[in-house]
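A.B. asks: Make a model of this:
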Amino acid sequence: MKSYLFVLITGLLLASCTEKEPRTDYVINGNAKDVYNGIRVYMSKVGPNGRPVMVDTAIVMNEKFKFTGALSHPELYYLNVASVNGRIPVMLENAEMTFELDKSNILESILLGSEAHSEMLEFNSTIQEHKEKLIQAQKNYSDAQFVRDSVNMEKDKEVIEKLNKRIQDYPFEFIDDHQDSFSTVQILEMQLRSRDFDLNRIAKAFNNLDPSIKNSEPGLSVKNKIDGLRQLIEKEKATQIGAIAPKFSAPQPDGTTLALDEVLKKGEITIIDFWAAWCGPCRRENPNVVRIYEKFHDKGLEIIGVGLDGRRGQQNPKEAWEKAIKDDGLTWHQVSNLKYFDQIAKDYNVNAIPAMFILDKEGKIIAKNLRGIQLENKVAELLN
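C.D. replies: Residues are numbered from 1 along each chain as shown. Below is the predicted model of the structure:
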């Protein structure tokens with residue numbers, strides 16, 4: 001009996017010792033039927049700036065090619081062939097994979113051996129199916145509307161609403177069912193790029209992912225994007241119409257400091273005008289602002305210009321700023337830190353100029369980003 005137990009335990013130990021270690025490299029065995037020798041196959045990925053970055057190249061010989069390498073995690077790449085139109089997205093992972101090229105339509109090519117790729121195919125296939133049903137339902141609604149079939153219009157409208165909701169919900173259902181898969185990272189990236197993304201829902205889905213996914217390089221990249229968008233939304237809230245404008249103070253041309261609050265006390269409404277000497281559109285708009293100021297200053301209009309001079313390569317920014325003030329006849333208050341898009345611009349979520357905010361006497365934003373006749377009409381509406 002003891003001998004039997006010894007053999008059994010020894011067998012179990014040997015079995016555990018022979019378990020396969022996780023693979024640390026990948027191989028793609030490519031089959032390229034009807035592709036000539038010497039044609040190149042390219043592997044690329046999307047770089048930090050959103051543009052394709054070439055990663056590797058293989059050469060077709062005897063209708064075959066091969067890629068080898070190693071990945072720290074499954075990741076989205078693209079394959080394209082020099083003699084074939086288009087490119088195909090593939091989720092690569094450390095495994096032995098087979099790629100069957102469809103020369104007539106590269107998007108019909110098949111990658112086998114990657115679990116992450118299979119999951120993405122499953123996701124894309126289901127989404128496409130829902131979208132095709134939606135297109136048909138919209139056509140049915142249009143047909144019913146044309147013949148004024150109110151009964152079917154109501155039915156089709158209900159189907160359209162359900163399919164739209166299904167398309168919105170499915171990505172998050174898929175993520176919940178694949179919380180330990182790197183395919184979820186790509187789906188979250190897609191959600192962040194969608195027109196009407198739900199940031200809170202995306203953040204919740206991300207937080208529910210397995211820690212190994214959340215703490216990976218692509219997981220942290222998604223987290224940074226979520227955090228960045230959240231900060232941007234908060235900044236937009238701080239300068240939306242109805243909000244109290246962020247307070248600031250900055251040096252005037254003579255070196256003394258002027259605060260926004262000091263200007264607010266002087267008028268009925270105040271325009272904050274973000275501009276710069278180097279900004280062509282700003283300089284072309286200045287004559288219009290001068291005319292509006294001269295017309296409405298006595299009725300309670302104040303303006304404080306915030307100069308964003310000081311960009312890299314600008315010679316003598318203070319001199320350029322002061323010269324532009326004089327040349328353009330800007331007789332209202334002017335301040336600048338001479339630090340390009342400085343903290344004031346960031347607080348107002350200004351990333352392009354000219355940018356304008358109209359404030360009431362209490363500092364509440366009542367209008368923004370108006371130019372030309374629209375700006376004049378708004379000021380007239382507020383002061384006449």
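
A.B. asks: Val84 versus the closest residue in space to Ser109 that isn't next to it in sequence, what's the distance?
C.D. replies: Nearest residue to Ser109, sequence neighbours excluded (Cβ to Cβ, 6 or more residues apart in numbering): Asp102, at 4.7 Å. For every residue, glycine as well, the C-beta is placed using N, CA and C. Applying Cβ to Cβ, to the nearest Å, the value for Asp102 to Val84 is 9 Å.

A.B. asks: How about Glu108?
C.D. replies: Noted for Glu108: a distance of 11 Å to Val84, by Cβ to Cβ.

A.B. asks: Leu301 now?
C.D. replies: Applying Cβ to Cβ, the value for Leu301 to Val84 is 63 Å.

A.B. asks: Tell me the confidence at Lys237?
C.D. replies: Looking at Lys237, its pLDDT is 86.

A.B. asks: And the helix or strand containing it, what does it pack against?
C.D. replies: In this assignment (DSSP states H and E), Lys237 forms part of helix 217-238. Here helix 217-238 touches helix 183-193, helix 199-207, helix 211-214, helix 343-347, going by 3 or more Cβ pairs under 8 Å, 6 or more residues apart in numbering; DSSP states H and E.

A.B. asks: Show me the contact partners of the last one.
C.D. replies: In other words, helix 343-347. 235, 238-239, 246, 248, 250, 274, 306, 308, 337, 351 (Cβ atoms under 8 Å, 6 or more residues apart in numbering).

A.B. asks: let's see it at 7 Å
C.D. replies: Contacts with helix 343-347, where a contact means Cβ atoms under 7 Å, 6 or more residues apart in numbering, come from 246, 248, 250, 274, 306, 308.

A.B. asks: Over to the shortest one?
C.D. replies: Contacts of helix 211-214 with the rest of the structure, by Cβ under 7 Å, 6+ apart, involve 180, 182, 184-185, 206, 219.

A.B. asks: tell me how far the helix or strand harbouring Tyr77 is from the chain's mean position?
C.D. replies: Tyr77 belongs to strand 75-81 when assigned by DSSP H and E. Here strand 75-81 shows a centroid-to-chain-centroid distance of 21 Å under the convention Cα atoms, centre = their mean, to the nearest Å.

A.B. asks: cool, and stretch 22-29?
C.D. replies: Relative to its chain's centre, stretch 22-29 lies at 32 Å (Cα atoms, centre = their mean).

A.B. asks: what's the answer for stretch 43-51, then?
C.D. replies: The answer for stretch 43-51 is 15 Å, by Cα atoms, centre = their mean.

A.B. asks: which among the contacts of helix 211-214 gets closest to Arg148?
C.D. replies: Thr184 (45.7 Å; Cβ to Cβ).

A.B. asks: quick one, what contacts that closest one?
C.D. replies: Contacts of Thr184 (Cβ under 7 Å, 6+ apart): 175, 178, 209, 213.

A.B. asks: Swap in 8 Å and give it another go.
C.D. replies: 174-175, 178, 205, 209, 213.

A.B. asks: same deal with Gly307?
C.D. replies: Per Cβ under 8 Å, 6+ apart, neighbours of Gly307: 275-277, 321, 334-336, 338.

A.B. asks: just checking, which of these belong to strands?
C.D. replies: 275, 334-335 (DSSP state E).

A.B. asks: For those, give me JSON lines that also has pLDDT and neighbour count.
C.D. replies: Output for the ones in strands among the contacts of Gly307, formatted as JSON lines (pLDDT from 0 to 100; neighbours: other Cβ atoms under 10 Å):
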{"residue": "Trp275", "pLDDT": "96", "neighbour count": "28"}
{"residue": "Gln334", "pLDDT": "97", "neighbour count": "22"}
{"residue": "Val335", "pLDDT": "97", "neighbour count": "22"}
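
A.B. asks: what pLDDT does Leu8 get?
C.D. replies: 42.

A.B. asks: do the same with Leu232
C.D. replies: Leu232 is assigned 85 on the pLDDT scale.

A.B. asks: My guess is it contacts Asn349. True?
C.D. replies: Yes. Using Cβ atoms under 8 Å, Leu232 is in contact with Asn349, at 7.3 Å.

A.B. asks: Please say which of these two ends up with more neighbours.
C.D. replies: More crowded of Leu232 and Asn349, by other Cβ atoms under 10 Å: Asn349, with 18 against 13.

A.B. asks: Let me see the contact set for the more buried one.
C.D. replies: Counting by Cβ under 8 Å, 6+ apart, Asn349 touches 232, 235-236, 238-239.

A.B. asks: that's a strand at it, yeah?
C.D. replies: No. Counting by DSSP: H, G, I helix; E, B strand; the rest coil, one finds Asn349 to be coil, located in no strand.

A.B. asks: Please name the nearest non-neighbouring residue to it.
C.D. replies: Lys235 (4.3 Å).

A.B. asks: Next up, the contacts around the one you found.
C.D. replies: Lys235 makes contact with 346-347, 349, according to Cβ under 8 Å, 6+ apart.

A.B. asks: Quick check: the gap between the nearest residue to Ala355 once chain neighbours are set aside and Leu71.
C.D. replies: Leaving aside its chain neighbours, Ala355 sits nearest to Phe274 (4.3 Å; criterion: Cβ to Cβ, 6+ apart). Going from Phe274 to Leu71 by Cβ to Cβ gives 45 Å.

A.B. asks: Looking at these two now, which is surrounded by more residues?
C.D. replies: Phe274 (21 against 16).

A.B. asks: ok, the more buried one to Gln334 distance?
C.D. replies: According to Cβ to Cβ, Phe274 and Gln334 sit 12 Å apart.

A.B. asks: now swap in Pro218 and tell me
C.D. replies: 46 Å.
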